[in-house]
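In: can't give you the sequence, but here's the structure:
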C-alpha cells in the first residue's frame with residue numbers, strides 16, 4: 001500500500017524531525033508546504049534520507065493566513081497517486097498500532113481519527129520516535145479531524161478554517177461520512193513542554209493578520225502567561241495513557 005502525507009509549516013525545526021521520523025515508517029513521500037520559514041525547517045526536510053520529501057514554498061506577506069492554509073489543504077492532494085493521503089499540521093501524528101493493515105482491512109474512502117492533546121513536562125529526545133516518548137494526553141474532539149482519505153475516491157473537499165471539519169464529496173458526487181475507529185487517533189503534539197507551547201503560541205499570535213483578529217480566528221493564541229500555564233498544568237493533571 002502506498003501512502004503519502006502533506007503538511008503546512010512555518011519555523012517548525014523543533015517538531016519537524018519527529019514528524020519526518022514518524023511518518024517515514026509507513027509513507028512513501030512527505031510533502032511540506034513551507035510558509036517562508038526563517039529557521040532550519042526547509043534544510044531539515046530537504047536533507048532527510050529515510051523517504052522521499054518535497055518542499056513547496058508559498059507566501060503570505062510574512063503573516064499567518066488560515067485561509068491560505070485551508071486552500072492548500074483543499075487542493076494539495078489532487079495529483080496524488082497514493083492509495084491514501086494524510087493532510088495534517090506538523091504537530092499532528094496519525095496513529096494506529098497497525099495502520100497499513102487497518103486501512104487494507106477496512107478500505108474506507110474517508111477516515112476521521114479520534115483527537116487527543118498529548119502532553120509532557122519534558123521536551124522529547126531526538127532520534128527517538130515521539131510516540132515512544134510521549135504517550136499521555138487528554139481526549140479533545142476539536143482534533144478529531146477528517147484528514148486521512150483515498151484521493152482516488154474523492155472528487156473535492158472543503159475544509160473549514162483550521163481544518164477541524166470538512167465536507168468531502170466522492171467521485172460520484174455523494175457527500176461522504178467519515179469512518180471512525182477508537183484505535184485510529186490524531187495525536188496533537190503541541191504541549192510537549194510548557195516552553196515549546198508558549199513560544200509557539202507567541203509566534204503564531206505575532207503573525208496573525210488584522211482580518212483574522214477581527215474574525216476571532218486563532219484567538220486561543222491570545223492568552224496571558226498565567227492562563228497558558230494554568231491550561232498546561234490542567235492538561236498534565238488530567239492526562240491519561242493514550243498509546
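Out: That came through, no problem. The model shown is predicted, which means the values in this text are computed figures rather than measured ones.

In: Need the nearest residue in space to residue 183, chain neighbours excluded.
Out: Distances taken as CB to CB, 6 or more residues apart in numbering place residue 96 nearest to residue 183, at 5.6 Å, with adjacent residues excluded. In this view, the C-beta of every residue, glycine as well, is placed from N, C-alpha and C.

In: pretty sure the one you found is touching residue 182, no?
Out: No - counting by CB atoms under 8 Å, residue 182 is not a contact partner of residue 96; they are 10.2 Å apart.

In: about what we covered before: got the contact list for the residue nearest to residue 183?
Out: Counting by CB atoms under 8 Å, 6 or more residues apart in numbering, residue 96 makes contact with 102, 181, 183, 184, 185.

In: pLDDT weak spots in this protein?
Out: Residues of the chain that meet the criterion pLDDT under 70 lie in 205-206, 208-223.

In: Break down it into its strands, ranges please.
Out: 3-9, 29-34, 52-57, 84-89, 92-95, 110-111, 114-120, 136-139, 148-149, 154-159, 166-170, 185-192, 240-241 (DSSP state E).

In: Output the ones you listed as CSV; include the columns distance to residue 198 and mean neighbour count.
Out: Conversion of those to CSV gives the following (distance: least, CB to CB, whole Å; neighbours: other CB atoms under 10 Å):
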stretch, distance to residue 198, mean neighbour count
strand 3-9, 19, 23
strand 29-34, 23, 21
strand 52-57, 27, 14
strand 84-89, 18, 25
strand 92-95, 19, 23
strand 110-111, 32, 22
strand 114-120, 13, 23
strand 136-139, 18, 18
strand 148-149, 30, 24
strand 154-159, 27, 17
strand 166-170, 30, 17
strand 185-192, 10, 23
strand 240-241, 23, 8
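
In: For residue 228, which of the ones you listed is the nearest?
Out: Proximity to residue 228, assessed across the strands of the chain by CB to CB, is greatest for strand 185-192 (10.1 Å).

In: mind listing what that closest one pairs with, with the direction of each?
Out: Using DSSP bridges, the strands paired with strand 185-192 are strand 92-95 (antiparallel), strand 114-120 (parallel).

In: could I get the strands of the chain as a markdown table with distance to residue 199?
Out: A markdown table is the format used below for these (distance: least, CB to CB, whole Å):
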| stretch | distance to residue 199 |
| --- | --- |
| strand 3-9 | 16 |
| strand 29-34 | 19 |
| strand 52-57 | 23 |
| strand 84-89 | 16 |
| strand 92-95 | 18 |
| strand 110-111 | 32 |
| strand 114-120 | 15 |
| strand 136-139 | 20 |
| strand 148-149 | 29 |
| strand 154-159 | 26 |
| strand 166-170 | 29 |
| strand 185-192 | 11 |
| strand 240-241 | 26 |
